[in-house]
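Colleague: Provided below for reference: sequence and predicted model.
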Amino acid sequence: MKKVEIFTDGACSGNPGPGGWGAILRYCGREKKISGGTAETTNNRMELTGVIKALQQLKEPCCVIITSDSRYVCDAIGKGWAKKWKQNGWRKADKKPALNSDLWEKLLDLLKIHDVTFKWIKGHAGYPENELCDRMAVAESQKYKDT
């Protein structure tokens, strides 16, 4: 399988509010940058969307390392929470509804296709790819201010 690195970040001005996401895909020394946003969203939705949109770019099953500063995304997958939420009808251990089930469903489906490892890093700590993804996400969110 091809080895792909993906870096993602999400941003939201207000929570909820206008938001954006950015992602960098790296394969064999080449990079592709993608980003997007929406007028009314949350930071967690943008973090998830960045990961989903990046994985959707892959045209065949790949071995992927996703680097993100989102504990929400990395822990929910790495600790198996998202799979448990789905098994429990999108309910968390405390019986409250799991938020963003529509996006978790998409992500879990994509994870069946690819061999994915999530790597958490501290945000705003000088990681160049994370800083670039953050700038892309913020720029996308700014497009929806005052709309």
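Modeller: Ah, there it is. From a predicted model like this one, the values you see are computed outputs, not experimental measurements. Numbering: from 1, shown residues only.
Colleague: Which parts of this structure are helices?
Modeller: With DSSP state H, the ranges of helices along the chain come out as 43-56, 71-78, 81-87, 101-113, 128-142.
Colleague: What is the fourth one packed up against?
Modeller: This means helix 101-113. Packing partners of helix 101-113 (3 or more Cβ pairs under 8 Å, 6 or more residues apart in numbering; DSSP states H and E): helix 43-56, helix 71-78, helix 81-87. For every residue, glycine as well, the C-beta is placed using N, CA and C.
Colleague: Restrict the shortest one to CA atoms and write it as CSV.
Modeller: Pointing back at helix 81-87 there. Output in CSV follows, covering the C-alpha atoms of helix 81-87 (Å, rounded to 0.1, in the frame of the first residue of the first chain):
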residue,chain,number,x,y,z
TRP,A,81,-14.9,5.6,21.7
ALA,A,82,-16.3,6.3,18.3
LYS,A,83,-16.8,2.6,17.6
LYS,A,84,-18.5,2.1,21.0
TRP,A,85,-20.8,5.1,20.4
LYS,A,86,-21.9,3.6,17.1
GLN,A,87,-22.5,0.1,18.7
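Colleague: which of the helices of the chain is buried the deepest?
Modeller: Scoring the helices of the chain by mean neighbour count under mean count of other Cβ atoms under 10 Å gives helix 43-56 as the most buried, with a mean of 23.
Colleague: model confidence over that helix, on average?
Modeller: Throughout helix 43-56, pLDDT has a mean value of 98.
Colleague: doesn't residue 46 make contact with residue 72?
Modeller: No - between residue 72 and residue 46 there is no contact under Cβ atoms under 8 Å: 10.7 Å.
Colleague: returning to what we had before: what about the helices and strands packed on helix 101-113, which gets the closest to residue 1?
Modeller: For these, proximity to residue 1 was assessed by Cβ to Cβ; helix 43-56 is nearest, at 13.7 Å.
Colleague: Residue 68 reaches residue 51, doesn't it?
Modeller: Yes - contact criterion Cβ under 8 Å: residue 68 and residue 51 qualify, at 6.8 Å.
Colleague: Now do the shared contacts for these two.
Modeller: Here residue 68 and residue 51 share the contacting residues residue 8, scored by Cβ atoms under 8 Å, 6 or more residues apart in numbering.
Colleague: Lovely, talk soon.
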